[in-house]
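**Student:** No sequence on hand, only this structure:
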(Lines give C-alpha, C1' and ligand atoms only; values in the text may rest on other atoms or scores of the structure.)
Protein backbone atom coordinates (compact mmCIF):
# COMPACT_ATOMS: atom_id res chain seq x y z
CA UNK A 1 0.00 0.00 0.00
CA UNK A 2 1.43 3.31 -1.06
CA UNK A 3 1.08 6.16 1.43
CA UNK A 4 -1.12 9.10 0.54
CA UNK A 5 0.82 12.20 -0.38
CA UNK A 6 0.72 14.84 2.34
CA UNK A 7 -0.49 18.10 0.85
CA UNK A 8 0.54 21.59 1.90
CA UNK A 9 3.79 20.93 3.76
CA UNK A 10 5.86 24.07 4.22
CA UNK A 11 9.56 23.59 5.02
CA UNK A 12 9.67 27.13 6.40
CA UNK A 13 6.77 26.57 8.82
CA UNK A 14 7.09 25.45 12.44
CA UNK A 15 6.90 21.75 13.26
CA UNK A 16 3.32 21.67 14.59
CA UNK A 17 1.41 22.67 11.43
CA UNK A 18 3.46 20.34 9.25
CA UNK A 19 3.17 17.50 11.76
CA UNK A 20 -0.59 18.07 11.98
CA UNK A 21 -0.89 17.67 8.21
CA UNK A 22 1.13 14.45 8.25
CA UNK A 23 -0.75 12.96 11.21
CA UNK A 24 -4.12 13.94 9.69
CA UNK A 25 -3.21 12.24 6.42
CA UNK A 26 -2.04 9.05 8.15
CA UNK A 27 -5.14 9.06 10.39
CA UNK A 28 -7.36 9.39 7.31
CA UNK A 29 -5.61 6.37 5.75
CA UNK A 30 -6.18 4.29 8.86
CA UNK A 31 -9.83 5.21 9.24
CA UNK A 32 -10.56 4.68 5.54
CA UNK A 33 -9.33 1.10 5.78
CA UNK A 34 -11.38 0.18 8.85
CA UNK A 35 -14.65 -0.75 7.15
CA UNK A 36 -13.13 -3.16 4.63
CA UNK A 37 -10.70 -4.57 7.23
CA UNK A 38 -13.56 -5.45 9.58
CA UNK A 39 -14.62 -8.16 7.13
CA UNK A 40 -13.06 -11.38 8.49
CA UNK A 41 -12.11 -12.55 4.99
CA UNK A 42 -10.42 -9.27 3.98
CA UNK A 43 -6.81 -10.28 4.59
CA UNK A 44 -5.42 -7.70 2.14
CA UNK A 45 -7.38 -4.84 3.75
CA UNK A 46 -6.23 -6.00 7.18
CA UNK A 47 -2.61 -6.05 6.03
CA UNK A 48 -3.00 -2.59 4.48
CA UNK A 49 -4.51 -1.34 7.72
CA UNK A 50 -1.50 -2.69 9.61
CA UNK A 51 0.79 -0.71 7.33
CA UNK A 52 -1.35 2.41 7.82
CA UNK A 53 -1.25 1.88 11.60
CA UNK A 54 2.52 1.59 11.47
CA UNK A 55 2.86 4.84 9.55
CA UNK A 56 0.55 6.68 11.96
CA UNK A 57 2.32 5.24 14.99
CA UNK A 58 5.75 6.30 13.79
CA UNK A 59 4.75 9.87 13.06
CA UNK A 60 3.00 10.09 16.43
CA UNK A 61 6.13 8.79 18.16
CA UNK A 62 7.99 11.75 16.73
CA UNK A 63 5.33 14.46 17.00
CA UNK A 64 2.91 13.50 19.78
CA UNK A 65 4.44 16.17 22.03
CA UNK A 66 2.88 18.77 19.75
CA UNK A 67 -0.64 17.44 20.32
CA UNK A 68 -0.92 16.41 23.96
CA UNK A 69 -2.62 13.55 25.76
CA UNK A 70 -4.98 12.68 22.89
CA UNK A 71 -2.00 11.95 20.67
CA UNK A 72 -0.38 9.79 23.35
CA UNK A 73 -3.60 7.80 23.73
CA UNK A 74 -3.91 7.44 19.94
CA UNK A 75 -0.31 6.27 19.64
CA UNK A 76 -0.89 3.55 22.24
CA UNK A 77 -4.11 2.48 20.51
CA UNK A 78 -2.52 2.37 17.07
CA UNK A 79 0.42 0.38 18.43
CA UNK A 80 -2.04 -2.21 19.75
CA UNK A 81 -3.84 -2.28 16.39
CA UNK A 82 -0.56 -2.72 14.55
CA UNK A 83 0.36 -5.61 16.84
CA UNK A 84 -2.86 -7.57 16.50
CA UNK A 85 -3.05 -6.97 12.75
CA UNK A 86 0.55 -8.15 12.45
CA UNK A 87 -0.30 -11.38 14.25
CA UNK A 88 -3.31 -11.89 11.97
CA UNK A 89 -1.01 -11.41 8.97
CA UNK A 90 1.41 -13.98 10.40
CA UNK A 91 -1.44 -16.51 10.45
CA UNK A 92 -2.36 -15.60 6.87
CA UNK A 93 1.23 -16.15 5.74
CA UNK A 94 1.61 -19.45 7.58
CA UNK A 95 -1.71 -21.05 6.56
CA UNK A 96 -0.69 -21.86 2.96
CA UNK A 97 2.60 -23.29 4.23
CA UNK A 98 0.68 -25.69 6.47
CA UNK A 99 -1.09 -27.39 3.56
CA UNK A 100 -1.58 -31.05 4.33
CA UNK A 101 -1.06 -30.60 8.07
CA UNK A 102 -4.64 -30.44 9.24
CA UNK A 103 -3.91 -29.94 12.93
CA UNK A 104 -1.62 -26.99 12.23
CA UNK A 105 -4.12 -25.45 9.81
CA UNK A 106 -6.85 -25.79 12.43
CA UNK A 107 -4.61 -24.18 15.03
CA UNK A 108 -3.76 -21.27 12.73
CA UNK A 109 -7.40 -20.75 11.73
CA UNK A 110 -8.46 -20.76 15.36
CA UNK A 111 -5.69 -18.33 16.31
CA UNK A 112 -6.62 -16.04 13.43
CA UNK A 113 -10.27 -16.08 14.48
CA UNK A 114 -9.32 -15.20 18.06
CA UNK A 115 -7.01 -12.41 16.91
CA UNK A 116 -9.62 -11.06 14.52
CA UNK A 117 -12.07 -10.82 17.42
CA UNK A 118 -9.43 -8.89 19.38
CA UNK A 119 -8.98 -6.55 16.41
CA UNK A 120 -12.73 -5.92 16.17
CA UNK A 121 -12.98 -5.28 19.90
CA UNK A 122 -10.00 -2.94 19.88
CA UNK A 123 -11.30 -0.96 16.90
CA UNK A 124 -14.79 -0.66 18.35
CA UNK A 125 -13.46 0.33 21.77
CA UNK A 126 -11.35 3.11 20.24
CA UNK A 127 -14.37 4.27 18.24
CA UNK A 128 -16.59 4.31 21.35
CA UNK A 129 -13.90 6.19 23.30
CA UNK A 130 -13.61 8.59 20.34
CA UNK A 131 -9.83 8.15 20.23
CA UNK A 132 -9.58 9.09 16.55
CA UNK A 133 -11.96 12.06 16.81
CA UNK A 134 -10.06 13.40 19.83
CA UNK A 135 -6.79 13.10 17.93
CA UNK A 136 -8.30 14.95 14.96
CA UNK A 137 -9.53 17.74 17.26
CA UNK A 138 -6.08 18.10 18.79
CA UNK A 139 -4.62 18.43 15.29
CA UNK A 140 -7.15 21.14 14.42
CA UNK A 141 -6.57 23.13 17.63
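**Tutor:** Looks like it came in fine. This structure is a prediction, so every number in the text was calculated from the model and none was measured.
**Student:** Tell me the pLDDT of the residue of the chain most remote from its centre.
**Tutor:** Within the chain, the residue lying farthest from the chain centre (Cα atoms, centre = their mean) is residue 100, at 33.0 Å. Predicted confidence (pLDDT) for residue 100: 94.
**Student:** give me the number of residues near residue 116?
**Tutor:** 21 (other Cβ atoms under 10 Å). C-beta: built from backbone N, CA, C; applies to glycine.
**Student:** One more: the one 3 residues further on?
**Tutor:** Burial of residue 119 is recorded as 23 neighbouring residues (other Cβ under 10 Å).
**Student:** Beyond the one helix or strand it maps to, next helix or strand please.
**Tutor:** Using DSSP states H and E, the element containing residue 119 is helix 102-128. Tracing the chain past helix 102-128, the next element assigned as helix or strand by DSSP H and E is helix 131-140.
**Student:** how about that following helix: buried residues?
**Tutor:** 131-132, 134-136, 138-139 (16 or more other Cβ atoms under 10 Å).
**Student:** With stretch 31-47 instead?
**Tutor:** 31, 33-34, 37-38, 43, 45-47.
**Student:** Contact partners for the residue nearest the centre of the chain?
**Tutor:** In the chain, the residue lying closest to the centroid (Cα atoms, centre = their mean) is residue 53, at 2.6 Å. When contacts are counted by Cβ atoms under 8 Å, 6 or more residues apart in numbering, residue 53 touches 30, 78-79, 81-82, 85.
**Student:** Excluding sequence neighbours, find me the nearest residue to residue 43.
**Tutor:** Leaving aside its sequence neighbours, residue 43 sits nearest to residue 92 (Cβ to Cβ, 6 or more residues apart in numbering; 4.8 Å).
**Student:** follow-up on the earlier one: look up phi and psi at the residue farthest from the centre of the chain.
**Tutor:** Phi and psi for residue 100, reported as degrees, to the nearest 10, are phi 90, psi -10.
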